[in-house]
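K.L.:
model the structure of this input:
(chains A, B, C and D)
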Number of protein chains: 2
Amino acid sequence: METTATTTDSCAGPVHADRRPDGQDRYTISEVVAFTGLTAHTLRWYERIGLMPHIDRSHTGQRRYSNRDLDWLELVGKLRLTGMPVADMVRYAELVREGDHTYGDRFELLKATREDVLARIAELQDTLAVLDRKINFYADAGRALASERS
Amino acid sequence: METTATTTDSCAGPVHADRRPDGQDRYTISEVVAFTGLTAHTLRWYERIGLMPHIDRSHTGQRRYSNRDLDWLELVGKLRLTGMPVADMVRYAELVREGDHTYGDRFELLKATREDVLARIAELQDTLAVLDRKINFYADAGRALASERS
DNA sequence: TAGGACCCTGGAGTGCACTCCAAGCAAGCG
DNA sequence: CGCTTGCTTGGAGTGCACTCCAGGGTCCTA
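P.N.:
Numbering: from 1, shown residues only, chains lettered A, B, ... in the order given. Purely as a prediction, here's the structure:
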């Protein structure tokens, strides 16, 4: 059986406490699960769809992730919560694999993403305002009911 | 045939320009499509799953939306882009239908949502920082390449 | 009164991002 | 040696939020 999200990950912050120094950075998949909060299924799936570079393997064929892979996963995690579709992230991964001559394209892609993020933040702040109006309404209504009961 | 998103909705802002005054507020579904940017399919689906109150009907059974319905859809739109699951919005809609005695629950739900939104904004700002670091890196790399070529 | 645009329904289909399964290999331990 | 735990694979399954379809009724204008 495969353990998926066993230990209580009470707070899903980036807890990369015990990263090993470069040179000894050969993490098993379950270690990466602990670092990233992703499931092993998802990590393997990311690799299949080309969102990860080909991961190094042990002599018996098991995955061994490097610090570089962890960095990449951290970026992917950030991009993911901007709502960027996985397909776009794969596109970016392809650009990275294709080499230095894609710097321009990557730059454009990141700038476009940046604009998206700014727009989303603005939307959320707008929503926050609506929410606060409603919250105030219900707070007042609650006080009114309380005084009515007294 | 059903027209879904025919006219060029170049900018999906809340363009509620020509709302009719209360009393004559009986909009067809396609008018609501124009207001909200949702498809007619989605509007009917929202009703089916209980995310909308039962919409008034014309004498032949066609939907006639009111200003109140439009207001509700505007709130739903906001909540939707916070990432709130539709099921939670349905829960809120149920509370509204149940009457005034659910004010407390609604208050709690909105407060929890508010916290979520704040957290998401923080995440996005964090992501923005990462993005900006990368963008600067690629900008520098671009300049380096340019000077190399000259 | 004919034509075209609009609207109705229940149920089936789609796309995305995972998520899980079965069957099997491998490593460490008593 | 057997047991448990962890890792491997390709492919199938899941849940969400729509999205569409067939087959039919309605509204408006010429």
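
K.L.:
ranges for the strands of chain A?
P.N.:
Under the criterion DSSP state E, strands of chain A are mapped to A:56-57, A:63-64.

K.L.:
quick check: residues of chain A near DNA strand D?
P.N.:
For chain A, the residues in contact with DNA strand D (CB under 7 Å from any atom of the strand) are A:2-3, A:28-31, A:40, A:44, A:48, A:57, A:61-63. Placement of C-beta: from N, CA and C, glycine included.

K.L.:
I'd like those as a markdown table, with neighbour count, distance to B:N136 and pLDDT appended.
P.N.:
Converted to a markdown table, the residues of chain A next to DNA strand D look like this (neighbours: other CB atoms under 10 Å in any protein chain shown; distance: CB to CB, whole Å; pLDDT from 0 to 100):
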| residue | neighbour count | distance to B:N136 | pLDDT |
| --- | --- | --- | --- |
| A:E2 | 10 | 41 | 54 |
| A:T3 | 10 | 40 | 44 |
| A:T28 | 14 | 34 | 94 |
| A:I29 | 19 | 33 | 94 |
| A:S30 | 13 | 35 | 93 |
| A:E31 | 16 | 31 | 94 |
| A:A40 | 17 | 34 | 95 |
| A:R44 | 14 | 33 | 96 |
| A:R48 | 9 | 32 | 95 |
| A:R57 | 10 | 35 | 94 |
| A:G61 | 6 | 40 | 90 |
| A:Q62 | 12 | 37 | 94 |
| A:R63 | 20 | 32 | 95 |
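
K.L.:
from those, which ones fall inside helices?
P.N.:
A:29-31, A:40, A:44, A:48 (DSSP state H).

K.L.:
out of these, who's nearest DNA strand D?
P.N.:
Taking CB to the nearest atom of the strand as the measure, DNA strand D lies nearest A:S30 of these, at 3.3 Å.

K.L.:
surely the closest one and A:A40 touch.
P.N.:
Yes: counting by CB atoms under 8 Å, A:S30 does reach A:A40; the two are 6.7 Å apart.

K.L.:
chain B contacts on chain A?
P.N.:
Within chain A, the positions adjacent to chain B are A:75, A:78-79, A:81-82, A:100, A:103-104, A:106-107, A:110-111, A:113-114, A:117-118, A:120-121, A:123-128, A:130-132, A:134-135, A:138-139, A:141-142, A:145 by CB under 8 Å from any CB of the partner chain.

K.L.:
which ones among those residues lie within helices?
P.N.:
Going by DSSP H, the helices hold A:75, A:78-79, A:103-104, A:106-107, A:110-111, A:113-114, A:117-118, A:120-121, A:123-128, A:130-132, A:134-135, A:138-139, A:141-142, A:145 from the residues of chain A next to chain B.

K.L.:
check whether the lowest-mean-pLDDT helix or strand in chain A comes near DNA strand C.
P.N.:
Least confident helix or strand, chain A: helix A:103-149 with a mean of 90, by mean pLDDT, DSSP states H and E. No: using CB under 7 Å from any atom of the strand, helix A:103-149 never reaches DNA strand C; the gap is at least 13.3 Å.

K.L.:
and chain A, what are its domains?
P.N.:
A:21-98, A:101-150 (automatic domain parsing).

K.L.:
among these, which is nearest B:P53?
P.N.:
Closest approach to B:P53 among these (CB to CB): domain A:101-150, 17.2 Å.

K.L.:
before we move on, the earlier item: dump the strands of chain A into JSON lines; add distance to B:R91 as well.
P.N.:
Shown next, in JSON lines, are the strands of chain A (distance: least, CB to CB, whole Å):
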{"stretch": "strand A:56-57", "distance to B:R91": "46"}
{"stretch": "strand A:63-64", "distance to B:R91": "41"}
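
K.L.:
rewinding a little: can you put the domains of chain A in JSON lines and add distance to B:Q24?
P.N.:
Formatted as JSON lines, the domains of chain A follow (distance: least, CB to CB, whole Å):
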{"stretch": "domain A:21-98", "distance to B:Q24": "39"}
{"stretch": "domain A:101-150", "distance to B:Q24": "26"}
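
K.L.:
what about the residue lying closest to A:Q125 once chain neighbours are set aside, how many residues close to it?
P.N.:
Nearest residue to A:Q125 in three dimensions, chain neighbours excluded: B:I121, at 6.9 Å (CB to CB, 6 or more residues apart in numbering or on different chains). B:I121 is flanked by 19 other residues according to other CB atoms under 10 Å in any protein chain shown.
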